[in-house]
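structure for the following, please:
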Amino acid sequence: MTDKDIIEKINIALRKTDDFFTSVDIVPESYKQMARADNRRGAFYYRNLWLHDENHKIKPNQNMFSFNADEIEQYKIPSYVVGCSGRADMFAKYVQETGLSDIFIIPCVKIENNNHQLSGHQIVAIKMSNGLQLLNPAGGVKNFNRAKIDFECKIGNKIDATQHGTNDYIISAILTPKEHTQIDSYEKLKKIYNRVFMKRIFNNASIKIKNLFNIQNQFGGHEQD
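Residues are numbered from 1 along each chain as shown. As a prediction, the model looks like this:
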């Protein structure tokens, strides 16, 4: 299969993903009224309302990471509930339905506030002739050229995962869609993020120790005549 063929299938899956979430991403008016009354707005507030709404109880102990692609599609769960993780799952599902099989979900971590706060973004990678092509199946993307992220798909690489012009996310893992379904809680996802976080701390500490050792050697060479 040529890259052109792959891109055509990617475009189909991107449009299908966007069309699905556009049709279900309608925030109930009652949620908006509650947000205004509490002076709070935004996807995370609406997500929490959805998860605690008795009309939407699908499984016990549900959270935004606990829904797989089939459940998202069956129960028409909006993206303000499942976030980028659910959108990546749905895109992977639609890609596989086109006949492509070499697709991976890529958790990326953003380390903020002097390394004390971890946040993440889930994107995807599809195998093409030049290797794994990173894609961000965000809302409104709809085609390959707008979704592609021109960085090497390698664990530890810093990339512009959200396509905002800054390389502030680090690739934490390369997972098959099946492996990604096992990450069904934030606690499990945070363990993946922490691998990169701890490795970064270790590398930074190693560099500092090496630099200190080099400085000591430089001064040590002039102490005696």
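
tally of neighbours for I10?
Using other C-beta atoms under 10 Å, I10 is surrounded by 27 other residues. Where you see a C-beta, it was placed from the backbone N, CA and C, and this is true even at glycine.

buried stuff in the one helix or strand it maps to?
Per DSSP states H and E: I10 is located in helix 3-24. Judged by neighbour count (16 or more other C-beta atoms under 10 Å), helix 3-24 contains these buried residues: 6-7, 9-11, 13-14, 16-18, 20-21, 24.

what is the longest strand of the chain by residue count?
In the chain, taking DSSP state E as the definition, the longest strand is strand 117-128.

and that one, C-alpha only, in PDB?
Coordinates of the C-alpha atoms in strand 117-128 are reproduced here as PDB (Å, rounded to 0.1, in the frame of the first residue of the first chain):
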ATOM      1  CA  GLN A 117       2.800  18.900  37.900                       C
ATOM      2  CA  LEU A 118       2.200  16.400  35.200                       C
ATOM      3  CA  SER A 119      -0.400  16.800  32.400                       C
ATOM      4  CA  GLY A 120      -0.700  14.900  29.200                       C
ATOM      5  CA  HIS A 121      -2.000  14.700  25.700                       C
ATOM      6  CA  GLN A 122      -2.700  11.500  23.700                       C
ATOM      7  CA  ILE A 123      -2.000  11.400  20.000                       C
ATOM      8  CA  VAL A 124      -1.500   8.600  17.500                       C
ATOM      9  CA  ALA A 125       1.100   7.300  15.100                       C
ATOM     10  CA  ILE A 126       0.600   5.400  11.800                       C
ATOM     11  CA  LYS A 127       3.300   3.400  10.000                       C
ATOM     12  CA  MET A 128       4.200   4.900   6.600                       C
END
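
so what are the sheet partners of whichever helix or strand comes after it and their directions?
Downstream of strand 117-128, the next assigned helix or strand under DSSP H and E is strand 131-135. Strand 131-135 has these partner strands in its sheet, going by DSSP bridges: strand 117-128 (antiparallel), strand 148-149 (antiparallel).

show me the contact partners of the last one.
Pointing back at strand 148-149 there. The contact list for strand 148-149 (C-beta atoms under 8 Å, 6 or more residues apart in numbering) reads 123, 133-136, 159-161, 163.

now these: which count as buried?
Buried positions within the contacts of strand 148-149, assessed by neighbour count (16+ other C-beta under 10 Å), are 123, 133-136, 159-161.
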